[in-house]
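>>> This is a predicted model, with the sequence first.
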Amino acid sequence: MLSVSYKNIFLYMLVKYFCFYLLLMFFQNNFWILKISEFKDLAEWVYLAFILLLLPVIVMLLCYWPIYFALKQKVFVRFLIIVFFCFVGEYFVYVYFTSQRHVDWYGILNVLMSIGFLALFFYKIIISRIKRNVK
């Protein structure tokens, strides 16, 4: 669907985290973020930005270039290896910064959403790599 560009990878990550946080709001039945009119001072806005932006920024710093590089690979096995390590790293970053358990279901959901959105945004590229390497 999308071509491989820095802008499209940023869009992929942005949409994925928006949907991920939206799902977390429904799973946890916690909609405090939607009550923006009740935020009274700068500290609450800083807290909101810290909570919502810390994880995506860290993951973008760690996975942005490897995913771009993986999508540019001609060999599908290299693509799989790079993406696998990116998603494993993303899981451990999520668990380290947000959870006190070693197996975190929200971390698994985050990785599954990463896989799903990567496939959704770049399916033509992924399918072309598979077809090129099956011959």
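Received the coordinates, thanks.
>>> Verify the stated contact: Val75 with Val134.
No - if you go by C-beta atoms under 8 Å, Val75 and Val134 don't touch, sitting 11.9 Å apart. To be clear about C-beta, it is placed using only N, CA and C from the backbone, and glycine gets the same treatment.
>>> more crowded one of those two?
Comparing Val75 with Val134 by other C-beta atoms under 10 Å, the one with more neighbours is Val75, at 11 against 7.
>>> Just name whatever secondary elements the longest helix seen in the chain is in contact with.
Looking across the chain with DSSP state H, the single longest helix is helix 42-72. Helices and strands touching helix 42-72, as assessed by 3 or more C-beta pairs under 8 Å, 6 or more residues apart in numbering; DSSP states H and E, comprise helix 6-28, helix 76-98.
>>> starting at the chain centroid, how far to the last one?
When you say that, I think you mean helix 76-98. Taking C-alpha atoms, centre = their mean, to the nearest Å, one finds the center of helix 76-98 at 10 Å from the center of the full chain.
>>> Over to the first one?
Taking C-alpha atoms, centre = their mean, the mean C-alpha location of helix 6-28 is offset from the chain mean by 7 Å.
>>> For it, which outside residues touch it?
With C-beta atoms under 8 Å, 6 or more residues apart in numbering as the test, helix 6-28 has contacts from 2, 30-31, 33-34, 52, 55-56, 59-60, 63-64, 67-68, 71, 106, 109-110, 113-114, 117-118, 121-122.
>>> same deal with the last one?
Here helix 76-98 makes contact (C-beta under 8 Å, 6+ apart) with 54-55, 58-59, 62-63, 66-67, 69-71, 73, 101-102, 104, 106-108, 110-111, 114-115, 118, 126, 129-130, 132-133.
>>> on that earlier part again, now which of the contacts of helix 6-28 would you call buried?
2, 55-56, 59-60, 63-64, 67-68, 71, 106, 110, 113-114, 117-118, 121-122 (16 or more other C-beta atoms under 10 Å).
>>> can you state the direction angle for the longest helix of the chain and helix 76-98?
Our comparison of helix 42-72 with helix 76-98, counting by axes from the mean of the first three to the mean of the last three C-alpha atoms, to 10 degrees, yields an angle of 170 degrees.
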